[in-house]
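Chemist: The sequence and its predicted three-dimensional model are supplied below.
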Amino acid sequence: MFDFSQYALNKILLAIGALAGVSIMNVMWQPKFIRHKGIIAAAMISTAIAITVALTAGGAILIWLGVDQTKADMVLFVGVSIGALSPFTLNALRNFFEKYEDKDLLELKNVVQGDKK
């Protein structure tokens, strides 16, 4: 049977972990493209993205990693990891889209697949 209390606790722990992880990364490093918006706006943008990713994909990541979802410390650690990696992922995605924004869809497909022939 579905345990709603464990589900809610996991979501809360993932969000708190993501907040902690992204807060640490905001102090150490912020992507340049959001830093020019101001320190507080950049922190809010990256925090919102990290928490959203942790809430939406955190459960799937826990299952993929094989983590026991009843262990609160492991769930919190996965949330911190998601939060810490989100600024890097955000920067990498932006760089990818900026580099290939003028490409055709078929050219982009070849780039992603590694131009296999």
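Modeler: On my side now, so go ahead.

Chemist: The helix or strand bottoming out on mean pLDDT in the chain: how far from the chain's middle?
Modeler: When the helices and strands of the chain are scored by mean pLDDT, DSSP states H and E, helix 32-35 comes last with a mean of 75. Distance of helix 32-35 from the chain centroid (Cα atoms, centre = their mean, to the nearest Å) equals 17 Å.

Chemist: Can you mark which positions in that helix are buried?
Modeler: residue 34 (16 or more other Cβ atoms under 10 Å). No exception for glycine: its C-beta is placed from N, CA and C like everyone else's.

Chemist: just the helices in the chain please.
Modeler: Remark: helices assigned in the chain by DSSP state H are 4-28, 32-35, 39-65, 72-99, 105-113.

Chemist: Which of those helices has the lowest mean pLDDT?
Modeler: The weakest mean pLDDT among the helices of the chain belongs to helix 32-35, with a mean of 75.
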